[in-house]
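> build the 3D model from these lines:
(2 chains)
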Amino acid sequence: MKNSEQAMEALLAGLRDAEAPAGMERRILKAVEDCRSARSRSSWRRLRPAWLRTPTRPAAAPPWAWGVEFGFGLAGTVAVVLAVALAVSKSVSQPHPIVHGSAEPKQRPRPSEARAAAARAAAVQTAVQVAVEEHAQPLPARFLVGATEKRGRTNARPVAILSDSDSIALSEMRAASRPAPPEPLSRQEKLLLQIAHQGDPKELVKLDPASWAAQVAEEDMEFQKFFATSTRGDHE
Amino acid sequence: MALSSIESAGSDIDLAALVETYSALLFRVAHSVLRSRAEAEDVVQDVFVRVIEHRLRLLAVRDMRVWLIRIAWNLALDRRRRIQPEQFDDAFAESLIARDMPADEALEEAQRMKSVLRELERLPEKERHVLLLSAIGELGTREMAQLLGKSESAVRALLFRARTRLRERLEKGGCVS
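Numbers count the residues shown, from 1 in each chain, chains lettered A, B, ... in the order given. All right, here's what the predicted structure looks like:
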């Protein structure tokens, strides 16, 4: 009886007197600090607003204050969730912007896009008409897609079919021809230029062979008449 | 150790002071269940990690001492299911032997301690728990009743039956000469 009691007490005393390992507190504090650092890195908790956190009851507040505060917090949460849901549903119900060529009559582009597209279409159409008149050559059909569809469709977005490279090629094509560099004129050209600018009747007559011949004949006749009369008078 | 951020993060609890005040007690609580110093230290560390996790609720804790002991107790019981503490009984029994004891007597005493530990483990769970908590020596009947969720009279009755049963089994088994 005594030995069993002693053995039991010795064992319980051994459990009671168990000493913590040396440095246990320091290791525990270090581990807790590491844990705190790891938790602070997951910053999602910081992003939560204050009213979403777990409410704590202030010591001085009445018992119903905690309930009221939590109720307001819950109501705010529900309001935010409903607002987000409404915004999402509205964004889903709105028509999406039209992509290349998928024109639907009931869908209208945004005003800014429509204005820009119309301006581009008008410029391209004018350029095409000028080019056709100047060169009298039909343009490739791909250049005319935007201009032709613009009249029949409210959605002018397909004009964007003309890419930037096509626009550059078109502008180069319809650019005005530049004059050749000046060359030295021949003598005949200089005479023609002088005649055209002066308008001298004698010079103009030279251009007409018949008039030129008649003038030459008249001058010869006057020459013969003059010398004939002068020689006749000298002899006399 | 920079723990000011912990202390200001939602509660006024000074964790360094908590560790300094309760770590030894919590170690003994865990060691009584596990009988391994390393495992008990891990349990104490886990206790304070739980404190960090639940720091926002610490103000609602009425008795910090009982709350911490309950956490350590439950964590130790959970760990006990995984590690089989019987493997540590030999080392613990040898640690109870006085160093100046002759070798043959020390061996005999170690065998007696292991027999007591074995009979202790054979006690009904509730009686064993009350006996282990009382062995810590720092817990009153009221605190043990709070920990185990029983009345104080039930705890006293369990403690009396545990000691009586353990003594009878030790005498009947002939382990104690």
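> list the buried residues of stretch B:134-141.
B:S134, B:A135, B:I136, B:L139, B:T141 (16 or more other C-beta atoms under 10 Å in any protein chain shown). For the C-beta atoms, the positions are set from N, CA and C on the backbone; glycine is no exception.
> so which two of the residues you listed are the farthest from each other?
B:A135 and B:T141 (13.9 Å; C-beta to C-beta).
> now the helix or strand where A:C35 lies: average pLDDT?
Using DSSP states H and E, A:C35 falls within helix A:24-41. Averaged over helix A:24-41, pLDDT sits at 82.
> gap between B:L131 and B:A91?
21 Å (C-beta to C-beta, to the nearest Å).
> helix or strand right after the helix or strand containing A:L204?
Take DSSP H and E as the rule and A:L204 turns out to sit in helix A:201-207. Proceeding N to C from helix A:201-207, the next assigned helix or strand is helix A:209-235, under DSSP H and E.
> quick one: average pLDDT of that next one?
75.
> now do the same contact list for the closest residue to A:R39 other than its chain neighbours.
Spatial nearest neighbour of A:R39, excluding adjacent residues (C-beta to C-beta, 6 or more residues apart in numbering or on different chains): B:I52 at 7.2 Å. By C-beta atoms under 8 Å, 6 or more residues apart in numbering or on different chains, the contact set of B:I52 is A:V32, A:C35, A:R36, A:R39, B:I6, B:L15.
> and which of those is nearest B:A60?
The closest of the contacts of B:I52, once distances to B:A60 are taken by C-beta to C-beta, is B:L15, at 16.9 Å.
> what's the burial count for the closest one?
Neighbours of B:L15 under the rule other C-beta atoms under 10 Å in any protein chain shown: 23.
> so how far is A:A87 from it?
For B:L15, the distance to A:A87 - C-beta to C-beta - is 43 Å.
> lowest mean pLDDT among the helices and strands of chain B, which one is it?
Least confident helix or strand of chain B, by mean pLDDT, DSSP states H and E, is helix B:4-8 with a mean of 45.
> helix/strand/coil for the residue minimising distance to the centre of chain B?
Taking C-alpha atoms, centre = their mean as the criterion, B:V29 is the residue nearest the geometric centre of chain B, at 2.4 Å. Classification of B:V29 using DSSP: H, G, I helix; E, B strand; the rest coil returns helix.
> correct me if wrong: it contacts B:A72.
Yes - shown here, B:V29 and B:A72 form a contact pair, counting by C-beta atoms under 8 Å, at 4.7 Å.
> phi, psi for the residue nearest to A:R39 please.
phi -60, psi -40 (degrees, to the nearest 10).
> just the pLDDT for residue 66.
Let's take chain A. 58.
> that's the wrong chain, I meant chain B
89.
> what number of residues lie near it?
Neighbour tally, B:V66, other C-beta under 10 Å: 16.
> quick check: which element contains it?
Using DSSP H and E, B:V66 falls in helix B:64-83.
> helix, strand, or coil at the closest residue to B:R169 other than its chain neighbours?
Nearest residue to B:R169, sequence neighbours excluded (C-beta to C-beta, 6+ apart): B:E119, at 4.8 Å. Put simply, B:E119 is helix when judged by three-state DSSP.
> the helix holding B:V66 near chain A anywhere?
No - using C-beta under 8 Å from any C-beta of the partner chain, helix B:64-83 never reaches chain A; the gap is at least 12.1 Å.
> buried residues, that helix. List them.
Applying 16+ other C-beta under 10 Å to helix B:64-83 flags B:65-73, B:75-76, B:79-80 as buried.
> C-alpha coordinates for that helix, PDB please?
The C-alpha coordinates for helix B:64-83 follow below in PDB (Å, rounded to 0.1, in the frame of the first residue of the first chain):
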ATOM      1  CA  MET B  64      -7.200  33.700 -20.100                       C
ATOM      2  CA  ARG B  65      -5.500  31.100 -18.000                       C
ATOM      3  CA  VAL B  66      -8.200  28.500 -18.300                       C
ATOM      4  CA  TRP B  67      -8.600  29.300 -22.000                       C
ATOM      5  CA  LEU B  68      -5.000  28.800 -22.700                       C
ATOM      6  CA  ILE B  69      -4.900  25.600 -20.700                       C
ATOM      7  CA  ARG B  70      -7.900  24.300 -22.600                       C
ATOM      8  CA  ILE B  71      -6.200  24.900 -25.900                       C
ATOM      9  CA  ALA B  72      -3.000  23.200 -24.800                       C
ATOM     10  CA  TRP B  73      -5.000  20.300 -23.400                       C
ATOM     11  CA  ASN B  74      -7.000  19.700 -26.500                       C
ATOM     12  CA  LEU B  75      -3.900  20.100 -28.800                       C
ATOM     13  CA  ALA B  76      -2.000  17.600 -26.600                       C
ATOM     14  CA  LEU B  77      -4.800  15.100 -26.800                       C
ATOM     15  CA  ASP B  78      -5.000  15.500 -30.600                       C
ATOM     16  CA  ARG B  79      -1.200  15.000 -30.900                       C
ATOM     17  CA  ARG B  80      -1.400  12.000 -28.500                       C
ATOM     18  CA  ARG B  81      -3.500  10.200 -31.100                       C
ATOM     19  CA  ARG B  82      -0.800  10.500 -33.600                       C
ATOM     20  CA  ILE B  83       2.500   9.900 -31.800                       C
END
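> so where is chain A shaky, pLDDT-wise?
A:1-2, A:40-70, A:91-165, A:178-181, A:197-200, A:228-236 (pLDDT under 70).
> before we move on, the earlier item: of the buried residues of helix B:64-83, which pair is most distant in space?
Maximum distance among the buried residues of helix B:64-83 (C-beta to C-beta): 22.2 Å, for B:R65 and B:R80.
> in chain B, which spans are strands?
For chain B, strands defined by DSSP state E do not occur.
> show me the shaky parts of it.
B:1-13, B:174-177.
> let's see 80
Low-confidence segments of chain B (pLDDT under 80): B:1-14, B:54-62, B:84-87, B:98-101, B:173-177.
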